[in-house]
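**Student:** 3D, please:
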Amino acid sequence: MNKFASAAMLILLGVPVCSAQKQRYSESRKAESLDYPLVAHVTHARVQMAGTESVLHIEALINGTHVELEAGATGLLHTGDYQARLVNNEERKSGWFSRSYELLFSDGTHVVFKEVAESE
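**Tutor:** Predicted structure coming up:
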């Protein structure tokens, strides 16, 4: 077998292995709905300008608490139920806290929202 044929044979044998490796990696990185145990019932959404940036504000009910969340806006969000998880929860004995939630969307994308208001 000449050098060209050997190289072609290695390339042909290597391609399926690389494709299978890439597929396994991307599947393992896909967000699983079980990783999002909370339901965020979004009741209101609006985009507001903050200087030159657009900010998406959403009002939602999470675990029986009314919260307002915000994130950088790339568009407006429909009202309804979204799977969510708590990604940051810093609480102090004095009552001060800071929280962030990540919402999972039907196309598999996810966005982290910072909690900016809370009510009963």
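**Student:** quick one, helices of this protein?
**Tutor:** 3-29 (DSSP state H).
**Student:** confidence-wise, which helix or strand of the protein is lowest on average?
**Tutor:** helix 3-29 (a mean of 43; mean pLDDT, DSSP states H and E).
**Student:** so what's residue 116 up against?
**Tutor:** 57, 68-70 (Cβ atoms under 8 Å, 6 or more residues apart in numbering). Every residue, glycine included, has its C-beta placed from N, CA and C.
**Student:** equivalent analysis for residue 101, please.
**Tutor:** Residues in contact with residue 101, defined by Cβ under 8 Å, 6+ apart, are 38, 40, 62, 67, 69, 84-87, 112-113, 115.
**Student:** let's see it at 7 Å
**Tutor:** 40, 62, 69, 84-87, 113, 115 (Cβ atoms under 7 Å, 6 or more residues apart in numbering).
**Student:** tell me how this protein divides into domains.
**Tutor:** Per the record, the chain has its domains at 1-30, 33-119, by automatic domain parsing.
**Student:** hey, least reliable of those domains by pLDDT?
**Tutor:** Note on those: lowest mean pLDDT is at domain 1-30, with a mean of 44.
**Student:** ok, back up a step: of the contacts of residue 101, closest to residue 46?
**Tutor:** residue 69 (11.8 Å; Cβ to Cβ).
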